[in-house]
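Peer 1: generate coordinates for the sequence data below:
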Amino acid sequence: MANLATPYLFDKRFMASYGLAWPRMANLATPYLFDKRFLASHGLAWPRMANLATPYLFDMRFLASHGLARPRMARNWSASLAEVRRPKQNSQQHNFVQAYILESPMKRDAHLITVPARAIDVGYANTKFTCGHKVARGVPIIHTDLFPSITATLRAGAPFRHAPGTLGADGGISEIDGVQHFAGRGVEMHLKGLQPRHVMKDYCTSPAYLALMRGAMHYMLVDEGNPKEMTIEHLTVGLPLNTFDEYEDHLRELAIGRHSVISRDPAVGERHVTVLDASVIVQPLGALYYYGLTHKDFEMSGWNLVVDVGGGTIDFLAAYDKVPNYERSGAHPESMLACAYEVAKAINPELKNQYGVIQAIDLAIRDNRETVRIGGEDYEMARYKGAINEVLRRGYEAMLNTVGALNDFDNILVCGGGGAVFFEFLREHAPELRRRLKMDGGSTFSNVRGFQVAADYAAKEASANR
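Peer 2: Below you'll find the model as predicted:
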């Protein structure tokens, strides 16, 4: 997926497919930088610019000269990624990074690993994250996953009754202000019957948000074999357009530093993740980056509109030639959770604060299911289509009020976990847009995959400047 000038990191499956040995120190999923001795042992030439001890990232010219294939990339996006708003380190952050580098040299073993880039997208409905680059069936991919964006507060001194490997233990624990928070796929095993979910503007300042971020780090650690210490050179996170200006600096400072993540598995225990640097971008920008990288037919010169339909907000980003126009961009604070609440209220107003019920309704809406089962009874979703469309209509009108006329947009990219729902709403209620409507097949992960692209670029730039 890389262009002519872009370096590429190879993993074990890629090397094995060309009959190349894999160094003993590297595991299956870990990209590896090769030195001159390794290349010589396989009869590969060494670029003139590199010396004996320096690891080298191979570009397409080098690979082609040895008959090695290289995945395609739609375009060179380096200039566009430079548009990501990434402030320089302040003196405190600089001293922290320098001290950490001096005290903990980068290496990879069973207890300490360093990864160049990762991404986390904490939404109101789900928390999405990346585990770097993998190879699936011979195709390089950005590995992503998610878990519900809700946390459980564990009672002080109460026994943890869920054995390792069970659903209730599927997640990580972080202590914030003396309170233990559980975040992960098994969170519903720790929730009470009533669990209200609110879409708050200052969401990223809450203990729950930090616990969700660390929950994502828990799964990153699991993916790497649960080392005791993991360093992320660059982490990219995102915010909705309506909170970005106010909370960008706060979120970046929240991400940078050393985070403790606890597993109740006694064989794992407490682990730490240290983030050396971080960047914050508006959520729809991630989708624009990723879609542009993976779709060669997506024309980026001109006006494009990205509509990110998440759990709590519908974000809309206007961009000209990949550069955002923030005057025509914004967010509406009602989205898929609001749709689920309207359905719950129509069935029984008392259902609104029941987490399991809202989850079931939300899933039925997103998957376009005919019925939803609540309390042992099946309810036909067609009866509530009008209530759902009313929420979406308010979001559409809010978008038009900010963006203005849509005539000048060449493409309208719909993404997010509720992207398919809004895509069909637009096709039905604004048929004149059909020719320009586009949607990524993996729209739930579009933003966080774009975050990973931005993090890769930032980590590469930082490495080049060392």
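Peer 1: only C-alpha atoms from now on, for both contacts and neighbour counts.
Peer 2: Noted.
Peer 1: average pLDDT across stretch 115-130?
Peer 2: Mean pLDDT, computed over stretch 115-130, is 96.
Peer 1: can you check stretch 418-426 too?
Peer 2: 96.
Peer 1: likewise stretch 205-217?
Peer 2: 97.
Peer 1: stretch 223-240 now?
Peer 2: On average, stretch 223-240 scores 96.
Peer 1: quick one: distance of that stretch to the chain centre.
Peer 2: Remark: stretch 223-240 is offset 11 Å from the chain centroid, using CA atoms, centre = their mean, to the nearest Å.
Peer 1: return the alpha-carbon coordinates of that stretch using CSV.
Peer 2: The C-alpha trace of stretch 223-240 is given here as CSV (Å, rounded to 0.1, in the frame of the first residue of the first chain):
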residue,chain,number,x,y,z
ASP,A,223,-1.8,-8.2,21.1
GLU,A,224,1.9,-7.9,21.9
GLY,A,225,2.0,-10.8,24.4
ASN,A,226,1.4,-8.8,27.6
PRO,A,227,4.8,-7.2,28.1
LYS,A,228,5.4,-5.5,31.4
GLU,A,229,6.3,-2.3,29.7
MET,A,230,5.3,-1.0,26.2
THR,A,231,6.4,2.3,24.7
ILE,A,232,4.4,4.0,22.0
GLU,A,233,6.5,6.5,20.1
HIS,A,234,3.5,8.3,18.7
LEU,A,235,-0.2,7.9,19.5
THR,A,236,-3.0,9.7,17.5
VAL,A,237,-6.4,10.2,19.0
GLY,A,238,-9.4,12.2,17.9
LEU,A,239,-12.2,14.5,18.9
PRO,A,240,-15.5,15.6,17.4
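Peer 1: buried stuff in that stretch?
Peer 2: Within stretch 223-240, the residues scored as buried using 16 or more other CA atoms under 10 Å are 224, 226-240.
Peer 1: check stretch 291-309 too.
Peer 2: Buried, per 16+ other CA under 10 Å, within stretch 291-309: 291-293, 298, 300, 303-309.
Peer 1: tell me the one of those nearest Tyr457?
Peer 2: Using CA to CA, Leu293 comes nearest to Tyr457 of these, at 13.1 Å.
Peer 1: what is the helix or strand where the closest one lies packed up against?
Peer 2: Following DSSP states H and E, one finds Leu293 within helix 283-294. With contacts taken as 3 or more CA pairs under 8 Å, 6 or more residues apart in numbering; DSSP states H and E, helix 283-294 sits against strand 303-309, strand 314-320, helix 446-464.
Peer 1: could these be laid out in CSV, adding mean pLDDT and distance to Asn401?
Peer 2: CSV is the format used below for the helices and strands packed on helix 283-294 (pLDDT from 0 to 100; distance: least, CA to CA, whole Å):
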stretch, mean pLDDT, distance to Asn401
strand 303-309, 95, 14
strand 314-320, 94, 11
helix 446-464, 93, 24
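Peer 1: most tightly packed of the ones you listed?
Peer 2: Comparing the helices and strands packed on helix 283-294 by mean neighbour count (mean count of other CA atoms under 10 Å), strand 303-309 comes out on top with a mean of 27.
Peer 1: tell me which residues are up against that one.
Peer 2: Counting by CA atoms under 8 Å, 6 or more residues apart in numbering, strand 303-309 makes contact with 283-285, 287-288, 314-322, 335-336, 408-419, 422, all of which sit outside it.
Peer 1: show me where the stretch 151-300 of the chain has its strands.
Peer 2: Ranges of strands within the stretch 151-300 of the chain are 152-153, 172-176, 179-183, 229-239, 257-262, 270-275, 278-282, based on DSSP state E, counting those that start in this stretch.
Peer 1: between these, which gets nearest to Ile113?
Peer 2: When the strands of the stretch 151-300 of the chain are compared (using CA to CA), the closest one is strand 229-239, at 4.9 Å.
Peer 1: and the contacts of the closest one?
Peer 2: 111-122, 221, 248, 255, 271-283, 448, 451-452, 454-456, 458-459.
Peer 1: of these, grab the buried ones for PyMOL.
Peer 2: Command for PyMOL that selects the buried part of those, burial taken from 16+ other CA under 10 Å:
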select buried, resi 112+113+114+115+116+117+118+119+120+121+122+221+248+255+271+272+273+274+275+276+277+278+279+280+281+282+283+448+451+452+454+455+456+458+459
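Peer 1: in stretch 128-145, what's buried?
Peer 2: Applying 16+ other CA under 10 Å to stretch 128-145 flags 128-135, 142-145 as buried.
Peer 1: pull the most distant pair out of the residues you listed.
Peer 2: Lys128 and Val135 (19.3 Å).
Peer 1: tell me the strands beside the helix or strand Gly330 falls within, with direction?
Peer 2: Here Gly330 sits within strand 323-332, counting by DSSP H and E. Using DSSP bridges, strand 323-332 pairs in its sheet with strand 314-320 (antiparallel).
Peer 1: which other residues reach the strand it pairs with?
Peer 2: With CA under 8 Å, 6+ apart as the criterion, strand 314-320 contacts 240-241, 283-285, 300-309, 324-326, 328-335, 395, 399, 403.
Peer 1: try 6 Å
Peer 2: Residues outside strand 314-320 that contact it (CA atoms under 6 Å, 6 or more residues apart in numbering): 302-308, 324-325, 328-332, 335.
Peer 1: can I get that strand as PDB, trimmed to CA atoms?
Peer 2: C-alpha atoms of strand 314-320 as PDB (Å, rounded to 0.1, in the frame of the first residue of the first chain):
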ATOM      1  CA  ILE A 314     -22.900  13.500  13.500                       C
ATOM      2  CA  ASP A 315     -19.700  15.300  12.400                       C
ATOM      3  CA  PHE A 316     -19.400  16.900   9.000                       C
ATOM      4  CA  LEU A 317     -16.100  18.000   7.600                       C
ATOM      5  CA  ALA A 318     -15.700  20.100   4.400                       C
ATOM      6  CA  ALA A 319     -12.300  19.800   2.700                       C
ATOM      7  CA  TYR A 320     -10.700  21.200  -0.400                       C
END
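Peer 1: ok now it, how far from the chain's centre?
Peer 2: The answer for strand 314-320 is 18 Å, by CA atoms, centre = their mean.
Peer 1: any buried residues in the host helix or strand of Lys385, and which?
Peer 2: In this assignment (DSSP H and E), Lys385 forms part of helix 385-403. Neighbour counts over helix 385-403 (16+ other CA under 10 Å) mark 387-389, 391-393, 395-396, 398-399, 402-403 as buried.
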